[in-house]
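Colleague: Sharing a model that was predicted from the sequence below.
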Amino acid sequence: MTETAPLPDSNPEELTISLSVRPSSAPGPRAASSGIAMSGPARPAVWIGAPSVGGLTLPVAMPTAGHMYAPRGVWLDDERLIVSDTGNHRVLIWNNSQGLDNHDEADLVLGQPDFNTEGAQAGGRGSEKGMRLPTGIVVHDGRLLVADAWNHRILVWDSIPTQSDQAPDMILGQADLFSVDENRGGGCGPLGFYWPFGIAMIDGWFYVADTGNRRVVAWHGIPTPDQEPDLVLGQDHANTRDENRGEIGPKSFRWPHDIAGINGKLLIADAGNHRILGWQDAPRSDVDANSVLGQTDFVTGSEFPYAPQSATALRFPYAVEIDDVARLGSDAHPMAVADTANNRILIWDDAPSDSSVPADWVLGQPDFASNGENRWDVVAQDTLCWPYGLSYHNGRLAITDSGNNRVMIWDMT
């Protein structure tokens with residue numbers, strides 16, 4: 001299964017999915033559905049989304065409370081599972097994350113009037129309660145924030161919604177609930193967004209991966225609608241959006257997609273350059289990164305799709321997440337990277353600070369060299385096809401397995 005994501009400078013009307021069936025003699029190892037050796041102690045625990053009929057997971061013709069279409073963003077904590085069901089232009093909420101069983105249906109839906117409506121802007125009803133390709137999710141101090149990516153805005157609810165079809169209380173990136181143009185209908189500036197994909201709250205700072213503007217912007221705390229950012233990374237100033245700011249380097253981005261951090265450390269998934277940039281001390285100004293994962297240096301952004309992969313290679317890493325709870329009996333905070341085009345998740349036992357540190361484990365593949373979609377086989381509990389989003393909390397890792405139209409929750413303990 002191959003997925004084509006909308007690119008920042010394109011203007012797709014819908015997210016596009018194309019399917020291909022590979023013969024059973026396709027290269028690559030066939031792993032047992034009970035687990036793969038390189039996942040170590042981890043195991044897939046809960047499957048959210050449609051069951052696999054005949055070894056395929058395809059979206060149904062009409063959305064339901066339990067079926068998804070190309071989910072991209074996810075949030076998992078001790079209370080809730082929240083998923084951006086991106087292809088259906090909606091957000092789904094499960095209110096009991098600890099008691100989830102396979103294929104459980106969602107309790108609430110946002111962005112659509114009901115569980116069976118599809119289409120951007122609430123099936124054409126309008127952008128006041130609608131969405132268009134939502135992605136990143138954050139819950140902070142009882143508030144819910146969603147990156148409504150192709151409406152070029154961030155939606156904010158002052159409390160977690162308790163009923164479906166609830167309008168947001170605040171909009172960031174647009175002048176009002178009805179405006180949906182990139183960069184507020186003008187040029188790049190401090191108050192607008194162009195395809196904001198990932199969002200994060202780290203050490204009291206709110207970060208937005210403003211992907212189409214090839215930058216990351218941040219505020220100390222959740223901003224008000226017309227508050228200019230306290231920090232712009234990736235561009236010389238808030239009015240430029242040049243790819244790699246003209247030349248790839250240690251403080252440039254092609255398509256930044258996600259942000260993670262812990263204990264003062266900051267990491268940004270620069271998917272278009274096939275790398276993760278890291279700062280040992282979270283920057284408060286536009287300064288060089290200290291480390292890079294996925295490339296041998298700061299001036300390389302190459303992809304190697306037709307060669308065996310490794311424990312340090314990355315191809316379009318769309319998400320990076322650090323467990324917010326240290327591993328039992330240590331100060332280590334495990335880190336996960338969605339190595340999207342390699343159809344795998346790389347796991348480090350502790351978030352690395354050095355560019356040469358290889359991953360300790362891989363989920364979704366039998367070894368570090370392989371990268372086939374669903375391991376060139378049918379969909380199983382432990383296979384992956386274009387994973388886009390991650391949420392890592394207290395030893396549980398939620399993965400939006402986008403190409404398989406599902407979310408898998410892994411027990412990492």
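Modeller: That came through fine. Residues are numbered from 1 along each chain as shown.
Colleague: Specify the next element, helix or strand, located C-terminal of the one helix or strand residue 216 maps to.
Modeller: Residue 216 is part of strand 215-220, with elements assigned from DSSP states H and E. Once strand 215-220 ends, the next helix or strand along the chain (criterion: DSSP H and E) is strand 231-233.
Colleague: in that next one, what's buried?
Modeller: Neighbour-count burial for strand 231-233 flags 231-233 (criterion: 16 or more other Cβ atoms under 10 Å). All C-beta atoms are positioned from the backbone trio N, CA, C, and that covers glycine.
Colleague: coming back round to it: need the residues that contact the strand holding residue 216.
Modeller: The contact list for strand 215-220, computed with Cβ atoms under 8 Å, 6 or more residues apart in numbering, reads 190, 204-210, 227, 229-235, 238, 241, 253, 256, 259, 268.
Colleague: what sits against the closest residue to residue 342 other than its chain neighbours?
Modeller: Distance criterion Cβ to Cβ, 6 or more residues apart in numbering; nearest residue to residue 342, sequence neighbours excluded, is residue 371 at 3.9 Å. Residues in contact with residue 371 (Cβ under 8 Å, 6+ apart) are 309, 315, 341-344, 365.
Colleague: again, but for residue 197
Modeller: Per Cβ under 8 Å, 6+ apart, neighbours of residue 197: 72, 135-136, 147, 149, 209, 211, 256-258, 318.
Colleague: Wasn't it part of a helix?
Modeller: No: the assignment for residue 197 (DSSP: H, G, I helix; E, B strand; the rest coil) gives strand, which keeps it out of a helix.
Colleague: distance of it from residue 138?
Modeller: Residue 197 is 13 Å from residue 138, where distance means Cβ to Cβ, to the nearest Å.
Colleague: Now stretch 405-413: buried residues?
Modeller: 405-410, 412.
Colleague: ok, what's across the strand from residue 362?
Modeller: Residue 362 forms beta bridges with residue 346, as assigned by DSSP bridges.
Colleague: Mind pulling up the pLDDT for the closest residue to residue 312 other than its chain neighbours?
Modeller: Nearest non-adjacent residue to residue 312, counting by Cβ to Cβ, 6+ apart: residue 358, 5.0 Å away. Note for residue 358: predicted pLDDT of 95.
Colleague: Could you do the one 3 residues further on as well?
Modeller: In the predicted model, residue 361 carries a pLDDT score of 95.
Colleague: and it, what is it in contact with?
Modeller: Listed by Cβ under 8 Å, 6+ apart, the contact set of residue 361 reads 38-40, 42, 346-347, 349.
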